[in-house]
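> sequence and predicted structure are below.
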Amino acid sequence: MKKKNYFMILLAVLVLSIINLTGCSKERVSNKDSYESLEEKGSIVMGLDDTFAPMGFRDDKGELVGFDVDLAEEVFNRIGFEVEFQPIDWSMKETELNSGNIDVIWNGYSITEERKEKVNFTQAYLKNKQIIITLADSSINNKEDLKGKKVAVQNGSSTLEAINKQPEIVATFEGGEPVLFDTNNEAIMDLEAKRVDAVVSDEVLARYYIKQKNPEEYKVLEDNFGEEEYGIGIRKEDKRLIEEINNTLNEMKKDGSYQKVYEKWFGENK
Amino acid sequence: MISYIYTLLPSMADGLIITLEIFFLTLILSIPLGIIVSIGRLSEIKFLFKITEFYIWVMRGTPLMLQIVFIFFGLPIVGIAFDRFTAVLIAFVLNYGAYFGEIFRGGMESIDKGQYEAAKVLGLTSYKTFIRIILPQMFKVVLPSIANEVITLVKDTSLVYVVGIGELLRAGKIASNRDVSLIPLALVGIIYLLLTAIFTEIFNKIEKRYSYYE
(Lines give C-alpha, C1' and ligand atoms only; values in the text may rest on other atoms or scores of the structure.)
Protein backbone atom coordinates (compact mmCIF):
# COMPACT_ATOMS: atom_id res chain seq x y z
CA MET A 1 0.00 0.00 0.00
CA LYS A 2 2.81 2.33 0.94
CA LYS A 3 4.53 1.65 -2.38
CA LYS A 4 1.44 2.68 -4.24
CA ASN A 5 1.18 5.98 -2.37
CA TYR A 6 4.73 6.86 -3.22
CA PHE A 7 4.02 6.17 -6.87
CA MET A 8 0.85 8.24 -6.89
CA ILE A 9 2.69 11.21 -5.40
CA LEU A 10 5.31 11.04 -8.12
CA LEU A 11 2.61 10.88 -10.76
CA ALA A 12 0.79 13.83 -9.24
CA VAL A 13 4.00 15.90 -9.20
CA LEU A 14 4.58 15.08 -12.83
CA VAL A 15 1.07 16.03 -13.90
CA LEU A 16 1.10 19.23 -11.87
CA SER A 17 4.43 20.32 -13.29
CA ILE A 18 3.17 19.79 -16.83
CA ILE A 19 0.06 21.87 -16.12
CA ASN A 20 2.30 24.49 -14.58
CA LEU A 21 4.55 24.54 -17.64
CA THR A 22 1.73 25.09 -20.11
CA GLY A 23 0.38 27.82 -17.85
CA CYS A 24 3.69 29.62 -17.93
CA SER A 25 4.05 29.40 -21.68
CA LYS A 26 0.88 31.41 -22.14
CA GLU A 27 2.20 34.18 -19.96
CA ARG A 28 5.36 34.44 -21.99
CA VAL A 29 3.45 35.46 -25.06
CA SER A 30 2.37 38.71 -23.46
CA ASN A 31 5.93 40.01 -23.38
CA LYS A 32 6.90 43.45 -24.57
CA ASP A 33 7.88 44.53 -28.06
CA SER A 34 11.27 43.03 -28.90
CA TYR A 35 12.18 45.53 -31.63
CA GLU A 36 14.69 47.41 -29.51
CA SER A 37 16.60 44.31 -28.53
CA LEU A 38 16.64 43.22 -32.18
CA GLU A 39 18.03 46.61 -33.11
CA GLU A 40 20.71 46.22 -30.48
CA LYS A 41 21.73 42.84 -31.82
CA GLY A 42 21.47 44.08 -35.41
CA SER A 43 20.21 40.69 -36.51
CA ILE A 44 16.94 38.83 -36.78
CA VAL A 45 16.23 35.09 -36.84
CA MET A 46 13.92 33.91 -39.60
CA GLY A 47 12.36 30.46 -39.25
CA LEU A 48 11.75 28.46 -42.38
CA ASP A 49 11.17 24.90 -43.50
CA ASP A 50 14.19 24.29 -45.71
CA THR A 51 12.44 21.52 -47.64
CA PHE A 52 9.87 23.85 -49.19
CA ALA A 53 10.85 24.57 -52.80
CA PRO A 54 10.56 27.17 -54.28
CA MET A 55 9.97 29.40 -51.23
CA GLY A 56 12.90 28.34 -49.10
CA PHE A 57 15.13 25.32 -49.72
CA ARG A 58 18.75 24.32 -50.31
CA ASP A 59 20.50 24.21 -53.66
CA ASP A 60 22.89 21.39 -54.56
CA LYS A 61 25.70 23.20 -52.74
CA GLY A 62 23.65 23.28 -49.55
CA GLU A 63 23.05 27.05 -49.70
CA LEU A 64 19.65 28.35 -48.63
CA VAL A 65 17.83 29.82 -51.61
CA GLY A 66 14.26 30.55 -52.65
CA PHE A 67 11.75 33.30 -53.25
CA ASP A 68 11.17 33.94 -49.55
CA VAL A 69 14.90 33.81 -48.81
CA ASP A 70 15.73 36.41 -51.48
CA LEU A 71 12.83 38.63 -50.51
CA ALA A 72 13.59 38.46 -46.79
CA GLU A 73 17.25 39.21 -47.32
CA GLU A 74 16.36 42.36 -49.25
CA VAL A 75 13.66 43.46 -46.81
CA PHE A 76 15.82 43.07 -43.70
CA ASN A 77 18.81 44.54 -45.48
CA ARG A 78 16.79 47.69 -46.04
CA ILE A 79 15.58 47.76 -42.44
CA GLY A 80 19.16 47.30 -41.30
CA PHE A 81 19.09 43.77 -39.86
CA GLU A 82 21.26 40.87 -40.75
CA VAL A 83 19.16 37.73 -41.32
CA GLU A 84 19.97 34.45 -39.64
CA PHE A 85 18.08 31.60 -41.27
CA GLN A 86 17.00 28.92 -38.84
CA PRO A 87 15.59 25.71 -40.33
CA ILE A 88 12.62 24.49 -38.31
CA ASP A 89 10.10 21.71 -38.46
CA TRP A 90 6.96 23.18 -40.03
CA SER A 91 4.63 21.65 -37.44
CA MET A 92 6.53 23.44 -34.64
CA LYS A 93 6.60 26.89 -36.27
CA GLU A 94 4.32 28.77 -33.84
CA THR A 95 6.03 27.16 -30.84
CA GLU A 96 9.43 28.21 -32.17
CA LEU A 97 8.14 31.76 -32.67
CA ASN A 98 6.49 32.19 -29.30
CA SER A 99 9.37 30.65 -27.37
CA GLY A 100 11.66 33.21 -28.97
CA ASN A 101 13.88 30.79 -30.90
CA ILE A 102 12.92 32.59 -34.08
CA ASP A 103 11.61 36.13 -34.64
CA VAL A 104 9.56 35.66 -37.81
CA ILE A 105 7.89 32.82 -39.70
CA TRP A 106 8.46 33.49 -43.36
CA ASN A 107 8.05 30.54 -45.65
CA GLY A 108 4.92 30.36 -47.76
CA TYR A 109 2.85 30.91 -44.61
CA SER A 110 -0.80 31.19 -45.66
CA ILE A 111 -2.93 33.71 -43.80
CA THR A 112 -5.82 31.90 -42.11
CA GLU A 113 -8.27 32.81 -39.36
CA GLU A 114 -7.00 30.02 -37.15
CA ARG A 115 -3.38 31.17 -37.38
CA LYS A 116 -4.39 34.77 -36.69
CA GLU A 117 -5.23 33.69 -33.15
CA LYS A 118 -1.65 32.58 -32.54
CA VAL A 119 0.41 35.12 -34.47
CA ASN A 120 0.07 38.49 -36.16
CA PHE A 121 0.49 38.75 -39.90
CA THR A 122 2.13 41.41 -42.01
CA GLN A 123 0.40 42.46 -45.21
CA ALA A 124 0.10 39.68 -47.78
CA TYR A 125 3.15 39.67 -50.02
CA LEU A 126 2.14 36.96 -52.43
CA LYS A 127 -1.16 35.74 -53.79
CA ASN A 128 -1.62 32.07 -54.24
CA LYS A 129 -4.36 30.55 -56.38
CA GLN A 130 -5.62 27.02 -56.77
CA ILE A 131 -4.97 26.66 -60.49
CA ILE A 132 -5.98 24.07 -63.07
CA ILE A 133 -3.21 22.54 -65.18
CA THR A 134 -3.62 20.40 -68.28
CA LEU A 135 -1.35 19.23 -71.06
CA ALA A 136 -0.82 21.89 -73.73
CA ASP A 137 -2.92 20.08 -76.37
CA SER A 138 -5.87 19.41 -74.05
CA SER A 139 -9.42 20.37 -75.03
CA ILE A 140 -10.16 21.55 -71.48
CA ASN A 141 -10.42 25.34 -71.31
CA ASN A 142 -12.50 26.11 -68.21
CA LYS A 143 -14.05 24.55 -65.14
CA GLU A 144 -17.12 23.34 -67.03
CA ASP A 145 -14.92 21.34 -69.40
CA LEU A 146 -13.77 19.24 -66.45
CA LYS A 147 -17.11 17.42 -66.69
CA GLY A 148 -16.53 13.69 -67.05
CA LYS A 149 -12.77 14.12 -66.81
CA LYS A 150 -10.27 12.67 -64.37
CA VAL A 151 -8.93 15.39 -62.08
CA ALA A 152 -5.95 14.87 -59.79
CA VAL A 153 -5.33 16.68 -56.49
CA GLN A 154 -2.86 16.34 -53.66
CA ASN A 155 -4.35 14.59 -50.66
CA GLY A 156 -4.67 16.66 -47.45
CA SER A 157 -3.73 19.89 -49.22
CA SER A 158 -5.39 23.29 -49.09
CA THR A 159 -6.26 22.60 -52.73
CA LEU A 160 -8.49 19.71 -51.74
CA GLU A 161 -10.29 21.95 -49.24
CA ALA A 162 -10.69 24.62 -51.92
CA ILE A 163 -12.26 22.36 -54.54
CA ASN A 164 -14.56 20.79 -51.97
CA LYS A 165 -16.04 24.25 -51.44
CA GLN A 166 -17.49 23.87 -54.94
CA PRO A 167 -19.14 20.43 -54.66
CA GLU A 168 -21.34 21.01 -57.71
CA ILE A 169 -18.23 21.05 -59.90
CA VAL A 170 -16.52 18.16 -58.12
CA ALA A 171 -19.66 16.06 -58.72
CA THR A 172 -19.17 16.41 -62.48
CA PHE A 173 -15.67 14.85 -62.37
CA GLU A 174 -15.39 11.28 -63.59
CA GLY A 175 -16.32 9.12 -60.61
CA GLY A 176 -17.78 12.16 -58.83
CA GLU A 177 -14.55 12.83 -56.93
CA PRO A 178 -10.93 13.81 -57.61
CA VAL A 179 -8.09 11.32 -57.90
CA LEU A 180 -5.87 11.79 -54.84
CA PHE A 181 -2.08 11.69 -54.83
CA ASP A 182 0.41 12.06 -51.99
CA THR A 183 2.37 14.83 -53.65
CA ASN A 184 1.83 17.35 -56.41
CA ASN A 185 4.85 15.85 -58.09
CA GLU A 186 3.06 12.51 -58.46
CA ALA A 187 -0.09 14.20 -59.70
CA ILE A 188 1.81 16.01 -62.43
CA MET A 189 3.68 12.85 -63.40
CA ASP A 190 0.33 11.14 -63.84
CA LEU A 191 -0.86 14.00 -66.02
CA GLU A 192 2.20 13.48 -68.17
CA ALA A 193 1.40 9.78 -68.41
CA LYS A 194 -2.12 10.83 -69.55
CA ARG A 195 -3.82 8.75 -66.87
CA VAL A 196 -5.51 11.92 -65.58
CA ASP A 197 -6.77 14.85 -67.67
CA ALA A 198 -6.13 17.76 -65.32
CA VAL A 199 -4.40 18.62 -62.04
CA VAL A 200 -5.60 21.23 -59.56
CA SER A 201 -2.77 22.60 -57.46
CA ASP A 202 -1.33 25.39 -55.40
CA GLU A 203 -0.08 27.93 -57.98
CA VAL A 204 3.28 28.65 -56.36
CA LEU A 205 4.23 25.00 -56.18
CA ALA A 206 2.77 24.14 -59.58
CA ARG A 207 4.60 26.92 -61.39
CA TYR A 208 7.84 25.76 -59.84
CA TYR A 209 7.28 22.16 -60.93
CA ILE A 210 6.28 23.22 -64.43
CA LYS A 211 9.38 25.35 -64.71
CA GLN A 212 11.52 22.42 -63.53
CA LYS A 213 10.01 20.21 -66.23
CA ASN A 214 9.07 21.62 -69.62
CA PRO A 215 6.75 24.67 -69.56
CA GLU A 216 5.77 24.14 -73.22
CA GLU A 217 4.04 20.88 -72.37
CA TYR A 218 1.50 22.42 -70.01
CA LYS A 219 -1.41 24.80 -70.05
CA VAL A 220 -2.66 26.79 -67.06
CA LEU A 221 -6.35 27.71 -67.30
CA GLU A 222 -7.83 31.13 -66.58
CA ASP A 223 -10.37 29.59 -64.22
CA ASN A 224 -9.26 28.76 -60.69
CA PHE A 225 -10.59 27.34 -57.43
CA GLY A 226 -10.12 30.34 -55.17
CA GLU A 227 -7.27 32.38 -53.77
CA GLU A 228 -5.25 32.56 -50.60
CA GLU A 229 -2.43 34.82 -49.52
CA TYR A 230 0.99 34.41 -47.98
CA GLY A 231 2.01 36.64 -45.07
CA ILE A 232 4.84 36.84 -42.58
CA GLY A 233 4.10 35.61 -39.08
CA ILE A 234 5.20 37.81 -36.18
CA ARG A 235 4.76 37.53 -32.40
CA LYS A 236 1.64 39.37 -31.21
CA GLU A 237 3.59 41.90 -29.17
CA ASP A 238 6.02 42.85 -31.95
CA LYS A 239 3.96 45.70 -33.41
CA ARG A 240 6.91 47.78 -34.58
CA LEU A 241 8.44 44.94 -36.59
CA ILE A 242 5.22 44.46 -38.56
CA GLU A 243 5.16 48.13 -39.40
CA GLU A 244 8.77 48.16 -40.59
CA ILE A 245 8.31 45.07 -42.76
CA ASN A 246 5.07 46.40 -44.26
CA ASN A 247 6.68 49.72 -45.15
CA THR A 248 9.68 48.03 -46.73
CA LEU A 249 7.49 45.66 -48.75
CA ASN A 250 5.51 48.62 -50.10
CA GLU A 251 8.72 50.38 -51.00
CA MET A 252 10.03 47.32 -52.85
CA LYS A 253 6.80 46.92 -54.78
CA LYS A 254 7.05 50.55 -55.86
CA ASP A 255 10.68 50.53 -57.01
CA GLY A 256 10.33 47.24 -58.91
CA SER A 257 12.75 45.17 -56.82
CA TYR A 258 9.90 42.95 -55.61
CA GLN A 259 8.95 42.18 -59.21
CA LYS A 260 12.55 41.23 -59.98
CA VAL A 261 12.60 38.64 -57.21
CA TYR A 262 9.21 37.35 -58.36
CA GLU A 263 10.37 36.91 -61.94
CA LYS A 264 13.52 35.13 -60.86
CA TRP A 265 11.53 32.40 -59.11
CA PHE A 266 8.21 32.17 -60.92
CA GLY A 267 9.14 33.23 -64.45
CA GLU A 268 5.95 35.18 -65.02
CA ASN A 269 5.51 38.90 -64.69
CA LYS A 270 3.12 40.22 -62.13
CA MET B 1 21.57 9.83 -63.82
CA ILE B 2 25.05 9.08 -62.44
CA SER B 3 26.04 12.73 -62.83
CA TYR B 4 22.83 13.77 -61.03
CA ILE B 5 23.63 11.49 -58.09
CA TYR B 6 27.09 13.00 -58.09
CA THR B 7 25.61 16.49 -57.58
CA LEU B 8 23.63 15.18 -54.60
CA LEU B 9 26.62 13.80 -52.76
CA PRO B 10 27.94 16.99 -51.08
CA SER B 11 24.65 17.79 -49.32
CA MET B 12 24.14 14.10 -48.45
CA ALA B 13 27.65 14.06 -46.95
CA ASP B 14 26.81 17.08 -44.78
CA GLY B 15 23.67 15.35 -43.56
CA LEU B 16 25.53 12.10 -42.98
CA ILE B 17 28.10 13.86 -40.79
CA ILE B 18 25.35 15.23 -38.53
CA THR B 19 23.70 11.81 -38.39
CA LEU B 20 26.98 10.15 -37.42
CA GLU B 21 27.79 12.84 -34.84
CA ILE B 22 24.51 12.23 -33.05
CA PHE B 23 24.95 8.49 -33.41
CA PHE B 24 28.44 8.23 -31.95
CA LEU B 25 28.00 10.81 -29.20
CA THR B 26 24.79 9.11 -28.08
CA LEU B 27 26.46 5.73 -28.07
CA ILE B 28 29.55 6.89 -26.18
CA LEU B 29 27.52 8.67 -23.51
CA SER B 30 24.54 6.37 -23.11
CA ILE B 31 26.41 3.10 -22.57
CA PRO B 32 28.12 4.30 -19.35
CA LEU B 33 24.80 5.81 -18.29
CA GLY B 34 23.18 2.43 -18.97
CA ILE B 35 25.65 0.69 -16.68
CA ILE B 36 24.91 3.17 -13.91
CA VAL B 37 21.18 2.72 -14.45
CA SER B 38 21.46 -1.06 -14.32
CA ILE B 39 23.35 -0.84 -11.02
CA GLY B 40 20.62 1.41 -9.62
CA ARG B 41 17.99 -0.98 -10.85
CA LEU B 42 19.69 -3.90 -9.05
CA SER B 43 20.46 -1.84 -5.96
CA GLU B 44 19.16 -2.92 -2.59
CA ILE B 45 18.74 0.69 -1.53
CA LYS B 46 15.04 1.19 -2.00
CA PHE B 47 15.19 4.87 -2.91
CA LEU B 48 17.77 4.32 -5.62
CA PHE B 49 15.80 1.42 -7.01
CA LYS B 50 12.58 3.45 -7.12
CA ILE B 51 14.24 6.41 -8.81
CA THR B 52 15.78 4.33 -11.58
CA GLU B 53 12.57 2.40 -12.02
CA PHE B 54 10.70 5.69 -12.45
CA TYR B 55 13.32 7.03 -14.86
CA ILE B 56 13.16 3.90 -17.01
CA TRP B 57 9.38 4.04 -16.99
CA VAL B 58 9.30 7.65 -18.22
CA MET B 59 12.02 7.17 -20.83
CA ARG B 60 10.63 3.97 -22.30
CA GLY B 61 7.03 4.99 -21.82
CA THR B 62 7.05 8.17 -23.91
CA PRO B 63 8.08 8.64 -27.53
CA LEU B 64 11.63 9.85 -28.09
CA MET B 65 10.20 12.57 -30.33
CA LEU B 66 8.16 13.91 -27.41
CA GLN B 67 11.23 13.90 -25.17
CA ILE B 68 13.18 15.96 -27.71
CA VAL B 69 10.32 18.46 -27.98
CA PHE B 70 10.01 18.63 -24.19
CA ILE B 71 13.72 19.25 -23.61
CA PHE B 72 14.09 21.81 -26.39
CA PHE B 73 10.78 23.68 -26.13
CA GLY B 74 9.61 22.80 -22.64
CA LEU B 75 12.62 23.38 -20.41
CA PRO B 76 13.30 27.00 -21.49
CA ILE B 77 9.99 27.90 -19.82
CA VAL B 78 11.53 27.07 -16.45
CA GLY B 79 14.74 28.85 -17.44
CA ILE B 80 16.84 25.93 -18.69
CA ALA B 81 17.70 26.57 -22.33
CA PHE B 82 19.95 24.36 -24.45
CA ASP B 83 20.92 24.94 -28.04
CA ARG B 84 19.40 22.60 -30.62
CA PHE B 85 22.18 20.07 -30.83
CA THR B 86 22.72 19.82 -27.08
CA ALA B 87 19.01 19.40 -26.43
CA VAL B 88 18.79 16.58 -28.95
CA LEU B 89 21.86 14.89 -27.50
CA ILE B 90 20.49 15.04 -23.94
CA ALA B 91 17.21 13.49 -25.09
CA PHE B 92 18.95 10.71 -27.01
CA VAL B 93 21.39 9.88 -24.21
CA LEU B 94 18.67 9.81 -21.55
CA ASN B 95 16.43 7.68 -23.74
CA TYR B 96 19.04 5.18 -24.85
CA GLY B 97 20.55 5.10 -21.35
CA ALA B 98 17.24 3.67 -20.11
CA TYR B 99 17.14 0.95 -22.78
CA PHE B 100 20.79 0.05 -22.27
CA GLY B 101 20.19 0.00 -18.52
CA GLU B 102 17.53 -2.65 -18.87
CA ILE B 103 19.66 -4.69 -21.27
CA PHE B 104 22.60 -4.60 -18.85
CA ARG B 105 20.36 -5.52 -15.94
CA GLY B 106 19.21 -8.58 -17.82
CA GLY B 107 22.81 -9.44 -18.59
CA MET B 108 23.91 -9.10 -14.96
CA GLU B 109 21.03 -11.17 -13.66
CA SER B 110 21.95 -13.95 -16.05
CA ILE B 111 25.33 -14.38 -14.38
CA ASP B 112 25.52 -17.33 -12.06
CA LYS B 113 25.59 -16.71 -8.31
CA GLY B 114 28.57 -19.01 -8.14
CA GLN B 115 30.68 -16.35 -9.83
CA TYR B 116 30.14 -13.96 -6.92
CA GLU B 117 30.80 -16.69 -4.41
CA ALA B 118 33.97 -17.77 -6.17
CA ALA B 119 35.21 -14.15 -6.29
CA LYS B 120 34.52 -13.82 -2.58
CA VAL B 121 36.43 -16.99 -1.83
CA LEU B 122 39.34 -15.62 -3.86
CA GLY B 123 39.27 -12.50 -1.70
CA LEU B 124 38.20 -9.93 -4.33
CA THR B 125 36.50 -6.76 -3.17
CA SER B 126 32.97 -6.19 -4.43
CA TYR B 127 34.22 -3.39 -6.70
CA LYS B 128 36.84 -5.66 -8.26
CA THR B 129 34.33 -8.47 -8.58
CA PHE B 130 32.04 -6.19 -10.55
CA ILE B 131 34.70 -4.73 -12.84
CA ARG B 132 36.80 -7.84 -13.47
CA ILE B 133 34.35 -10.72 -13.19
CA ILE B 134 30.77 -9.61 -13.72
CA LEU B 135 31.07 -6.81 -16.29
CA PRO B 136 33.10 -8.74 -18.90
CA GLN B 137 30.75 -11.71 -18.73
CA MET B 138 27.69 -9.49 -18.81
CA PHE B 139 29.05 -7.72 -21.87
CA LYS B 140 29.28 -11.01 -23.71
CA VAL B 141 25.70 -11.91 -22.94
CA VAL B 142 24.20 -8.58 -23.98
CA LEU B 143 26.08 -8.09 -27.27
CA PRO B 144 23.22 -9.19 -29.57
CA SER B 145 20.75 -6.93 -27.78
CA ILE B 146 23.19 -4.01 -27.96
CA ALA B 147 23.62 -4.58 -31.70
CA ASN B 148 19.86 -4.39 -32.03
CA GLU B 149 19.70 -1.05 -30.20
CA VAL B 150 22.57 0.34 -32.26
CA ILE B 151 20.76 -0.38 -35.51
CA THR B 152 17.63 1.28 -34.12
CA LEU B 153 19.70 4.28 -33.10
CA VAL B 154 21.01 4.75 -36.64
CA LYS B 155 17.45 5.22 -37.87
CA ASP B 156 16.20 7.13 -34.81
CA THR B 157 18.68 9.92 -35.57
CA SER B 158 16.25 11.08 -38.26
CA LEU B 159 13.91 12.28 -35.46
CA VAL B 160 16.04 15.38 -34.91
CA TYR B 161 14.23 17.06 -37.81
CA VAL B 162 11.71 18.22 -35.21
CA VAL B 163 14.13 20.89 -33.98
CA GLY B 164 15.28 21.70 -37.51
CA ILE B 165 18.66 19.97 -37.49
CA GLY B 166 19.61 18.98 -41.04
CA GLU B 167 20.55 15.31 -40.90
CA LEU B 168 20.64 12.75 -43.69
CA LEU B 169 16.92 12.17 -44.21
CA ARG B 170 16.20 15.90 -44.25
CA ALA B 171 18.96 16.43 -46.82
CA GLY B 172 17.18 13.81 -48.95
CA LYS B 173 13.79 15.47 -48.54
CA ILE B 174 15.20 18.86 -49.48
CA ALA B 175 16.75 17.50 -52.68
CA SER B 176 13.63 15.51 -53.49
CA ASN B 177 11.34 18.54 -53.26
CA ARG B 178 13.80 20.77 -55.08
CA ASP B 179 14.49 18.49 -58.04
CA VAL B 180 11.01 16.95 -58.25
CA SER B 181 12.55 13.51 -58.07
CA LEU B 182 12.50 10.39 -55.89
CA ILE B 183 16.15 9.56 -56.53
CA PRO B 184 17.48 11.50 -53.49
CA LEU B 185 15.23 9.49 -51.16
CA ALA B 186 16.35 6.23 -52.74
CA LEU B 187 19.93 7.35 -52.25
CA VAL B 188 19.24 8.11 -48.58
CA GLY B 189 17.79 4.62 -48.18
CA ILE B 190 20.93 3.09 -49.66
CA ILE B 191 23.15 5.13 -47.31
CA TYR B 192 21.17 3.94 -44.26
CA LEU B 193 21.46 0.36 -45.50
CA LEU B 194 25.21 0.72 -45.93
CA LEU B 195 25.51 2.13 -42.41
CA THR B 196 23.57 -0.72 -40.85
CA ALA B 197 25.56 -3.24 -42.93
CA ILE B 198 28.78 -1.80 -41.53
CA PHE B 199 27.56 -1.86 -37.92
CA THR B 200 26.14 -5.37 -38.29
CA GLU B 201 29.49 -6.57 -39.59
CA ILE B 202 31.37 -4.88 -36.72
CA PHE B 203 29.12 -6.51 -34.15
CA ASN B 204 29.50 -9.91 -35.81
CA LYS B 205 33.25 -9.53 -35.48
CA ILE B 206 33.02 -8.54 -31.81
CA GLU B 207 30.65 -11.40 -31.02
CA LYS B 208 33.05 -13.86 -32.61
CA ARG B 209 35.94 -12.50 -30.60
CA TYR B 210 34.01 -12.87 -27.38
CA SER B 211 32.79 -16.38 -28.06
CA TYR B 212 35.90 -17.90 -26.52
CA TYR B 213 34.08 -20.47 -24.39
CA GLU B 214 31.92 -21.93 -27.11
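Yes, it's here.
> what residues are up against the closest residue to B:Glu207 other than its chain neighbours?
Here the nearest residue to B:Glu207 in space, its sequence neighbours aside, is B:Leu143; by CB to CB, 6 or more residues apart in numbering or on different chains that works out to 5.2 Å. For the C-beta atoms, the positions are set from N, CA and C on the backbone; glycine is no exception. For B:Leu143, the contact set (CB atoms under 8 Å, 6 or more residues apart in numbering or on different chains) comprises B:Phe203, B:Ile206, B:Glu207, B:Tyr210.
> do A:Asp59 as well
Shown in contact with A:Asp59 (CB under 8 Å, 6+ apart): A:Val65, B:Arg178.
> now the helices for the stretch 151-270 of chain A?
A:158-164, A:167-170, A:184-192, A:203-212, A:239-255, A:257-266 (DSSP state H, counting those that start in this stretch).
> rewinding a little: in strands, which of the contacts of B:Leu143 appear?
Among the contacts of B:Leu143, no member falls in strands (DSSP state E).
> coming back round to it: can you tell me how far the residue nearest to B:Glu207 is from chain A?
34 Å (CB to the nearest CB, to the nearest Å).
> host element of that residue?
Assigned by DSSP states H and E, B:Leu143 falls within helix B:135-156.
> dump the helices of the stretch 151-270 of chain A to JSON lines, plus mean neighbour count and distance to chain B.
Below are these laid out as JSON lines (neighbours: other CB atoms under 10 Å in any protein chain shown; distance: least, CB to the nearest CB, whole Å):
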{"stretch": "helix A:158-164", "mean neighbour count": "18", "distance to chain B": "17"}
{"stretch": "helix A:167-170", "mean neighbour count": "13", "distance to chain B": "27"}
{"stretch": "helix A:184-192", "mean neighbour count": "21", "distance to chain B": "5"}
{"stretch": "helix A:203-212", "mean neighbour count": "21", "distance to chain B": "5"}
{"stretch": "helix A:239-255", "mean neighbour count": "16", "distance to chain B": "21"}
{"stretch": "helix A:257-266", "mean neighbour count": "16", "distance to chain B": "12"}
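> turn these into a markdown table, including mean pLDDT.
A markdown table is the format used below for these (pLDDT from 0 to 100):
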| stretch | mean pLDDT |
| --- | --- |
| helix A:158-164 | 82 |
| helix A:167-170 | 91 |
| helix A:184-192 | 82 |
| helix A:203-212 | 84 |
| helix A:239-255 | 95 |
| helix A:257-266 | 90 |
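> out of the ones you listed, which comes closest to A:Ile140?
helix A:184-192 (11.3 Å; CB to CB).
> residue contacts, the closest residue to B:Lys140 other than its chain neighbours?
What sits nearest to B:Lys140 in space, not counting adjacent residues and going by CB to CB, 6+ apart, is B:Tyr210, at 4.7 Å. B:Tyr210 sits next to B:Phe139, B:Lys140, B:Leu143 when contact means CB under 8 Å, 6+ apart.
> related to what we said a few turns ago, least confident pick among the contacts of B:Leu143?
Ranked by pLDDT, the contacts of B:Leu143 bottom out at B:Tyr210 (85).
> and the gap between B:Val58 and B:Ile77?
Separation of B:Val58 from B:Ile77 (CB to CB, to the nearest Å) stands at 18 Å.
> just checking, what packs against whatever helix or strand B:Ile191 lives in?
Here B:Ile191 sits within helix B:183-209, counting by DSSP H and E. When contacts are defined as 3 or more CB pairs under 8 Å, 6 or more residues apart in numbering or on different chains; DSSP states H and E, helix B:183-209 sits against helix B:2-42, helix B:135-156, helix B:168-179.
> mean pLDDT and distance to A:Lys213 for the ones you listed - can I get that in a markdown table?
Shown next, in a markdown table, are those (pLDDT from 0 to 100; distance: least, CB to CB, whole Å):
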| stretch | mean pLDDT | distance to A:Lys213 |
| --- | --- | --- |
| helix B:2-42 | 94 | 15 |
| helix B:135-156 | 93 | 33 |
| helix B:168-179 | 87 | 11 |
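> now the residue positioned nearest the centre of chain A, what's its secondary structure?
Geometric centre of chain A, nearest residue: A:Gly108, 2.8 Å, by CA atoms, centre = their mean. Recorded secondary structure, A:Gly108: strand (DSSP: H, G, I helix; E, B strand; the rest coil).
> count of residues packed around the nearest residue to it once chain neighbours are set aside?
Sequence neighbours aside, A:Met55 is the residue nearest to A:Gly108 in space, at 4.0 Å (criterion: CB to CB, 6+ apart). By other CB atoms under 10 Å in any protein chain shown, 23 other residues sit near A:Met55.
> dump the residue contacts of A:Met55.
A:Leu48, A:Gly66, A:Phe67, A:Asp68, A:Val69, A:Asn107, A:Gly108, A:Val204 are the contacts of A:Met55 under CB under 8 Å, 6+ apart.
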